[in-house]
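> Just need the structure, nothing else, for what follows:
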Amino acid sequence: MTTINETLTPRMEQGWRIGLKNLVWNEMNLRWGGRRWIRSALIWMAILNGFILLVAFASTQDPNYTPLKKMLESVEVFANIGIIATSIGIVTGTQGAIIREKQLGTAAWVMSKPASRESFILAKWFAYSFSSTTLFLAFPAVVYMIQSQVLWHQTPLLIPFLGGWLVMVLQLQFYLALTLVLGTLFNARGPVAGIALGFLFGGLILADFLPDWVTLIFPWPLKDVAAGLALGNALPPVWPIPVIATAIWTLIFIGVALWRFKREEF
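Have a look, this model is predicted:
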(Lines give C-alpha, C1' and ligand atoms only; values in the text may rest on other atoms or scores of the structure.)
Protein backbone atom coordinates (compact mmCIF):
# COMPACT_ATOMS: atom_id res chain seq x y z
CA MET A 1 0.00 0.00 0.00
CA THR A 2 1.44 3.33 -1.04
CA THR A 3 1.45 6.16 1.47
CA ILE A 4 2.00 9.84 0.87
CA ASN A 5 4.46 11.80 2.96
CA GLU A 6 2.48 14.91 3.89
CA THR A 7 5.65 16.94 4.30
CA LEU A 8 6.25 16.53 0.57
CA THR A 9 2.72 17.43 -0.48
CA PRO A 10 2.88 20.63 -2.55
CA ARG A 11 1.12 23.72 -1.22
CA MET A 12 -1.70 24.96 -3.43
CA GLU A 13 -1.95 28.56 -2.21
CA GLN A 14 -2.33 31.18 -4.92
CA GLY A 15 -2.02 34.93 -5.17
CA TRP A 16 -1.23 36.84 -1.98
CA ARG A 17 -1.50 33.64 0.13
CA ILE A 18 1.51 31.97 -1.49
CA GLY A 19 3.90 30.84 1.24
CA LEU A 20 1.78 32.30 4.07
CA LYS A 21 1.46 29.05 6.06
CA ASN A 22 5.16 28.30 5.88
CA LEU A 23 6.16 31.84 6.80
CA VAL A 24 3.73 31.94 9.73
CA TRP A 25 5.05 28.60 10.94
CA ASN A 26 8.62 29.84 10.74
CA GLU A 27 7.86 33.10 12.57
CA MET A 28 5.91 31.30 15.29
CA ASN A 29 8.68 28.73 15.73
CA LEU A 30 11.19 31.54 16.28
CA ARG A 31 9.11 32.83 19.19
CA TRP A 32 7.78 29.61 20.70
CA GLY A 33 10.28 26.95 19.65
CA GLY A 34 12.71 27.28 22.56
CA ARG A 35 12.68 28.78 26.03
CA ARG A 36 12.73 32.37 24.90
CA TRP A 37 8.98 32.71 25.40
CA ILE A 38 9.32 31.61 29.03
CA ARG A 39 11.83 34.37 29.73
CA SER A 40 9.61 36.91 27.99
CA ALA A 41 6.54 35.83 29.95
CA LEU A 42 8.45 36.06 33.24
CA ILE A 43 9.75 39.52 32.39
CA TRP A 44 6.29 40.87 31.63
CA MET A 45 4.76 39.28 34.70
CA ALA A 46 7.56 40.84 36.75
CA ILE A 47 6.79 44.25 35.25
CA LEU A 48 3.00 44.30 35.40
CA ASN A 49 2.35 42.04 38.37
CA GLY A 50 5.27 43.57 40.23
CA PHE A 51 3.46 46.90 40.28
CA ILE A 52 0.42 45.15 41.74
CA LEU A 53 2.55 43.94 44.64
CA LEU A 54 3.68 47.53 45.20
CA VAL A 55 0.03 48.55 45.48
CA ALA A 56 -0.65 45.69 47.87
CA PHE A 57 2.19 46.50 50.24
CA ALA A 58 2.04 50.29 49.99
CA SER A 59 1.34 51.70 53.45
CA THR A 60 -1.42 54.24 54.06
CA GLN A 61 -2.73 56.03 57.11
CA ASP A 62 -6.25 56.32 55.72
CA PRO A 63 -8.56 54.12 57.87
CA ASN A 64 -11.04 53.95 54.98
CA TYR A 65 -8.44 52.43 52.66
CA THR A 66 -10.16 49.05 52.55
CA PRO A 67 -9.13 45.93 50.62
CA LEU A 68 -11.82 46.81 48.06
CA LYS A 69 -10.24 50.22 47.47
CA LYS A 70 -6.82 48.64 47.12
CA MET A 71 -8.17 46.14 44.63
CA LEU A 72 -9.81 48.91 42.58
CA GLU A 73 -6.59 50.90 42.67
CA SER A 74 -4.68 47.86 41.46
CA VAL A 75 -7.02 47.54 38.46
CA GLU A 76 -6.23 51.11 37.45
CA VAL A 77 -2.51 50.54 37.93
CA PHE A 78 -2.60 47.36 35.86
CA ALA A 79 -4.39 49.15 33.00
CA ASN A 80 -2.27 52.31 33.04
CA ILE A 81 1.12 50.65 33.45
CA GLY A 82 0.19 47.83 31.11
CA ILE A 83 -0.95 50.02 28.24
CA ILE A 84 2.20 52.17 28.35
CA ALA A 85 4.75 49.43 29.08
CA THR A 86 3.46 47.06 26.40
CA SER A 87 3.43 49.85 23.81
CA ILE A 88 7.09 50.53 24.56
CA GLY A 89 7.82 46.81 24.53
CA ILE A 90 6.25 46.12 21.16
CA VAL A 91 8.06 49.05 19.53
CA THR A 92 11.48 48.11 20.89
CA GLY A 93 10.88 44.43 20.18
CA THR A 94 9.75 44.82 16.56
CA GLN A 95 11.70 47.86 15.37
CA GLY A 96 14.06 45.55 13.46
CA ALA A 97 11.50 42.96 12.37
CA ILE A 98 11.57 44.07 8.74
CA ILE A 99 14.69 46.24 8.64
CA ARG A 100 16.89 43.40 9.91
CA GLU A 101 15.59 41.14 7.14
CA LYS A 102 16.37 43.78 4.51
CA GLN A 103 19.85 44.49 5.88
CA LEU A 104 20.82 40.82 6.14
CA GLY A 105 19.40 39.99 2.73
CA THR A 106 17.02 37.36 4.10
CA ALA A 107 14.01 39.30 2.82
CA ALA A 108 15.38 39.11 -0.73
CA TRP A 109 16.14 35.41 -0.22
CA VAL A 110 12.59 34.70 0.96
CA MET A 111 11.16 36.65 -1.96
CA SER A 112 13.15 34.43 -4.33
CA LYS A 113 11.12 31.49 -3.04
CA PRO A 114 7.44 30.75 -3.77
CA ALA A 115 6.24 33.33 -1.26
CA SER A 116 4.32 36.53 -1.83
CA ARG A 117 5.32 39.85 -0.35
CA GLU A 118 1.92 40.11 1.29
CA SER A 119 2.59 36.80 3.05
CA PHE A 120 5.93 38.13 4.33
CA ILE A 121 4.27 41.10 6.06
CA LEU A 122 1.17 39.25 7.25
CA ALA A 123 3.22 36.41 8.72
CA LYS A 124 5.24 38.84 10.80
CA TRP A 125 2.14 40.73 11.90
CA PHE A 126 0.32 37.55 12.93
CA ALA A 127 3.28 36.05 14.80
CA TYR A 128 4.14 39.24 16.67
CA SER A 129 0.47 39.96 17.33
CA PHE A 130 -0.28 36.55 18.82
CA SER A 131 2.95 36.31 20.77
CA SER A 132 2.86 39.81 22.24
CA THR A 133 -0.81 39.59 23.18
CA THR A 134 -0.23 36.28 24.93
CA LEU A 135 3.07 37.07 26.65
CA PHE A 136 2.63 40.79 27.34
CA LEU A 137 -1.00 40.83 28.41
CA ALA A 138 -2.74 37.44 28.70
CA PHE A 139 -0.34 35.76 31.14
CA PRO A 140 -0.05 38.85 33.39
CA ALA A 141 -3.85 39.27 33.39
CA VAL A 142 -4.36 35.70 34.60
CA VAL A 143 -1.69 36.16 37.27
CA TYR A 144 -3.30 39.46 38.29
CA MET A 145 -6.63 37.73 38.91
CA ILE A 146 -4.86 35.21 41.16
CA GLN A 147 -3.02 38.03 42.95
CA SER A 148 -6.25 39.92 43.52
CA GLN A 149 -7.94 36.90 45.06
CA VAL A 150 -4.96 36.08 47.28
CA LEU A 151 -4.24 39.65 48.40
CA TRP A 152 -7.74 41.08 48.75
CA HIS A 153 -10.00 37.99 48.63
CA GLN A 154 -11.89 39.41 45.68
CA THR A 155 -11.39 40.02 41.99
CA PRO A 156 -12.68 42.68 39.61
CA LEU A 157 -15.83 41.88 37.68
CA LEU A 158 -14.78 39.70 34.77
CA ILE A 159 -16.73 41.34 31.92
CA PRO A 160 -15.67 44.96 32.67
CA PHE A 161 -12.09 43.82 33.27
CA LEU A 162 -12.10 41.94 29.96
CA GLY A 163 -13.37 45.07 28.21
CA GLY A 164 -10.46 47.10 29.58
CA TRP A 165 -8.06 44.30 28.67
CA LEU A 166 -9.27 44.29 25.06
CA VAL A 167 -8.61 48.02 24.83
CA MET A 168 -5.06 47.31 26.00
CA VAL A 169 -4.76 44.71 23.24
CA LEU A 170 -6.02 47.24 20.70
CA GLN A 171 -3.36 49.76 21.72
CA LEU A 172 -0.73 47.02 21.41
CA GLN A 173 -1.94 46.23 17.88
CA PHE A 174 -1.77 49.90 16.91
CA TYR A 175 1.88 50.27 17.88
CA LEU A 176 2.76 46.93 16.32
CA ALA A 177 1.20 48.00 13.01
CA LEU A 178 2.83 51.44 13.25
CA THR A 179 6.26 49.89 13.83
CA LEU A 180 5.85 47.45 10.94
CA VAL A 181 4.79 50.13 8.48
CA LEU A 182 7.72 52.33 9.54
CA GLY A 183 9.97 49.31 8.95
CA THR A 184 8.85 49.24 5.32
CA LEU A 185 9.47 52.99 4.92
CA PHE A 186 12.95 53.26 6.48
CA ASN A 187 16.18 51.29 6.28
CA ALA A 188 17.45 51.99 9.81
CA ARG A 189 16.01 51.26 13.23
CA GLY A 190 16.55 54.76 14.61
CA PRO A 191 13.73 56.49 12.72
CA VAL A 192 11.38 53.56 13.36
CA ALA A 193 11.79 53.55 17.13
CA GLY A 194 12.11 57.32 17.32
CA ILE A 195 8.88 58.06 15.47
CA ALA A 196 6.83 55.36 17.20
CA LEU A 197 8.03 56.17 20.72
CA GLY A 198 7.87 59.89 20.00
CA PHE A 199 4.25 59.49 18.97
CA LEU A 200 3.50 57.53 22.16
CA PHE A 201 5.12 59.92 24.63
CA GLY A 202 4.26 63.03 22.63
CA GLY A 203 0.61 62.10 22.82
CA LEU A 204 0.75 61.48 26.55
CA ILE A 205 2.37 64.87 27.09
CA LEU A 206 0.45 66.97 24.56
CA ALA A 207 -3.00 65.39 24.88
CA ASP A 208 -4.10 67.97 27.47
CA PHE A 209 -3.02 70.85 25.22
CA LEU A 210 -4.48 69.69 21.93
CA PRO A 211 -8.10 70.15 20.80
CA ASP A 212 -10.38 67.33 21.90
CA TRP A 213 -11.14 66.31 18.34
CA VAL A 214 -7.44 65.70 17.70
CA THR A 215 -6.89 63.47 20.72
CA LEU A 216 -10.08 61.52 20.03
CA ILE A 217 -8.88 60.29 16.63
CA PHE A 218 -5.67 58.82 18.06
CA PRO A 219 -5.03 56.15 20.70
CA TRP A 220 -3.85 58.58 23.39
CA PRO A 221 -7.11 58.45 25.41
CA LEU A 222 -7.10 54.63 25.48
CA LYS A 223 -5.19 54.57 28.77
CA ASP A 224 -8.12 56.20 30.55
CA VAL A 225 -10.67 54.21 28.54
CA ALA A 226 -9.03 50.91 29.49
CA ALA A 227 -8.92 51.80 33.18
CA GLY A 228 -12.50 53.10 33.16
CA LEU A 229 -13.87 50.02 31.44
CA ALA A 230 -11.92 47.63 33.68
CA LEU A 231 -13.28 49.41 36.77
CA GLY A 232 -16.81 49.49 35.42
CA ASN A 233 -16.91 53.28 35.69
CA ALA A 234 -19.18 55.53 33.68
CA LEU A 235 -17.25 56.93 30.71
CA PRO A 236 -17.90 60.00 28.55
CA PRO A 237 -20.25 59.29 25.63
CA VAL A 238 -17.38 59.86 23.17
CA TRP A 239 -15.21 57.01 24.53
CA PRO A 240 -15.93 54.68 21.55
CA ILE A 241 -14.42 57.24 19.12
CA PRO A 242 -10.73 56.65 20.00
CA VAL A 243 -11.38 52.90 20.09
CA ILE A 244 -12.84 52.87 16.58
CA ALA A 245 -10.26 55.36 15.29
CA THR A 246 -7.40 53.25 16.65
CA ALA A 247 -8.78 50.14 14.98
CA ILE A 248 -9.05 52.03 11.68
CA TRP A 249 -5.50 53.41 11.97
CA THR A 250 -4.23 49.88 12.65
CA LEU A 251 -5.83 48.55 9.48
CA ILE A 252 -4.51 51.52 7.49
CA PHE A 253 -0.97 50.91 8.73
CA ILE A 254 -1.13 47.23 7.78
CA GLY A 255 -2.51 48.16 4.37
CA VAL A 256 0.23 50.73 3.77
CA ALA A 257 2.88 48.23 4.89
CA LEU A 258 1.57 45.71 2.35
CA TRP A 259 1.48 48.35 -0.39
CA ARG A 260 4.97 49.68 0.37
CA PHE A 261 6.65 46.29 0.68
CA LYS A 262 5.28 45.20 -2.69
CA ARG A 263 7.26 48.09 -4.20
CA GLU A 264 10.48 47.28 -2.34
CA GLU A 265 13.39 46.58 -4.70
CA PHE A 266 15.55 43.55 -3.88
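
> Pull the distance from stretch 147-165 to the chain's centre.
Centroid displacement of stretch 147-165 relative to its chain, using C-alpha atoms, centre = their mean, to the nearest Å, is 21 Å.

> Please report the distance of the most centrally placed residue in the chain from S119.
Taking C-alpha atoms, centre = their mean, the centroid of the chain lies closest to L172, which sits 2.7 Å from it. Distance, L172 to S119, using C-beta to C-beta, to the nearest Å: 23 Å. The way it works is simple: take the backbone N, C-alpha and C, and place the C-beta from them, glycine included.

> likewise I81?
On the measure of C-beta to C-beta, I81 and S119 end up 35 Å apart.

> By mean pLDDT, point me to the weakest helix or strand of this protein.
helix 106-111 (a mean of 79; mean pLDDT, DSSP states H and E).

> Okay, now the unreliable bits of the stretch 151-266 of the chain?
By pLDDT under 70, the low-scoring segments of the stretch 151-266 of the chain are 266.

> Helices along the stretch 101-250 of the chain, start to end?
Counting by DSSP state H, counting those that start in this stretch, one finds helices in the stretch 101-250 of the chain at the ranges 106-111, 117-132, 139-152, 158-185, 189-206, 212-216, 222-231, 240-262.

> which strands and helices sit next to the fourth one?
Under the contact definition 3 or more C-beta pairs under 8 Å, 6 or more residues apart in numbering; DSSP states H and E, helix 158-185 sits against helix 67-94, helix 117-132, helix 189-206, helix 222-231, helix 240-262.

> can we see that at 6 Å?
Contact partners of helix 158-185 among helices and strands, from 3 or more C-beta pairs under 6 Å, 6 or more residues apart in numbering; DSSP states H and E: helix 67-94, helix 189-206, helix 222-231, helix 240-262.

> Tell me which of the ones you listed sits most buried.
By mean neighbour count, with neighbours taken as mean count of other C-beta atoms under 10 Å, helix 222-231 ranks first of these at a mean of 23.

> Check which helices and strands that one sits against.
helix 67-94, helix 158-185.

> list the buried ones in the last one?
For helix 158-185, a neighbour-count test (16 or more other C-beta atoms under 10 Å) marks 160-161, 163-165, 167-184 as buried.

> circling back to that earlier point, who's in contact with the residue nearest to the centre of the chain?
By C-beta atoms under 6 Å, 6 or more residues apart in numbering, the contact set of L172 is 86, 90, 132.

> any chance of those residues in CSV, plus pLDDT?
Below are these laid out as CSV (pLDDT from 0 to 100):
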residue, pLDDT
T86, 96
I90, 97
S132, 96
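
> For I18, state which of the residues you listed is nearest.
Of all the contacts of L172, S132 has the smallest distance to I18: 25.9 Å, by C-beta to C-beta.
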